[in-house]
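Novice: okay, sequence plus prediction incoming.
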Amino acid sequence: MRGFWLLVHVLGFTLWLGGGIATMVAGVTAKRLGTTERLSAYRLIGVIQRVLVGPGAIAVVLSGIILGQPYMRSGAMPGWVSLMMVAGILGALGVVAISVPTAAKLARLEPQGGQLPEAFHRLRKRQIIAATVAGTFGLIALFAATLGRG
């Protein structure tokens, strides 16, 4: 059963960080587009966040808790496991509570008189900050699991 949960953990992490990188590339590329095309790109980003990033982050946390049970039961968790778990949970909370809902709001925006809606820049800034912070925590978790393990 451990193998199954390890698979879920790796797949979830791949969806989370891979979707996050795809979001970043799409967002940077969209800056050069016209209003209608830019909002279309943010609709795609909303789908990426909702279908890949959010479920990936949730899968990582759930499988991580299950995989961490032997460490938690022993009462002696190595530092790398603690760092991985704390960073992963904080990053996933950022994804689920801020990044995915903000991407969904951006995806629903419509042009106003051929211009970007008033809320666009505020939501875009929130999305950039939330996704950057959540992704940084995800990378910290990855580094803890790979480099911290020794």
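Specialist: Yep, that arrived. The model shown is predicted, which means the values in this text are computed figures rather than measured ones.

Novice: burial count for the nearest residue to Tyr71 once chain neighbours are set aside?
Specialist: Among residues not flanking Tyr71 along the chain, Met77 sits closest, at 4.5 Å (C-beta to C-beta, 6 or more residues apart in numbering). Where C-beta positions appear, they are placed from N, C-alpha and C, glycine not excepted. Neighbour count for Met77, taken as other C-beta atoms under 10 Å: 16.

Novice: three-state assignment of Met77?
Specialist: The assignment at Met77 comes out as coil when based on DSSP: H, G, I helix; E, B strand; the rest coil.

Novice: where in the protein is pLDDT low?
Specialist: 150 (pLDDT under 70).

Novice: can you tell me how far the residue nearest to Tyr71 sits from Val86?
Specialist: Distance, Met77 to Val86, using C-beta to C-beta, to the nearest Å: 10 Å.

Novice: what do you get for Ile66?
Specialist: 17 Å.

Novice: repeat that for Ile48.
Specialist: Distance of Ile48 to Val86, given as C-beta to C-beta: 26 Å.

Novice: which of the two has more neighbours?
Specialist: Set Ile48 next to Val86 and count neighbours by other C-beta under 10 Å: Ile48 wins out with 22 against 14.

Novice: beyond the strand or helix carrying the more buried one, next helix or strand please.
Specialist: Element membership for Ile48, per DSSP states H and E: helix 35-48. Per DSSP H and E, the first helix or strand lying C-terminal to helix 35-48 is helix 54-74.

Novice: packing partners of that following helix?
Specialist: helix 2-30, helix 79-94 (3 or more C-beta pairs under 8 Å, 6 or more residues apart in numbering; DSSP states H and E).

Novice: what's the very next helix or strand once past the last one in contact with?
Specialist: To tie it back to what came earlier, the one meant is helix 79-94. Downstream of helix 79-94, the first helix or strand assigned by DSSP H and E is helix 100-107. Residues outside helix 100-107 that contact it (C-beta atoms under 8 Å, 6 or more residues apart in numbering): 23, 42-43, 45-50, 53-54, 119-120, 123-124, 126-127, 130.
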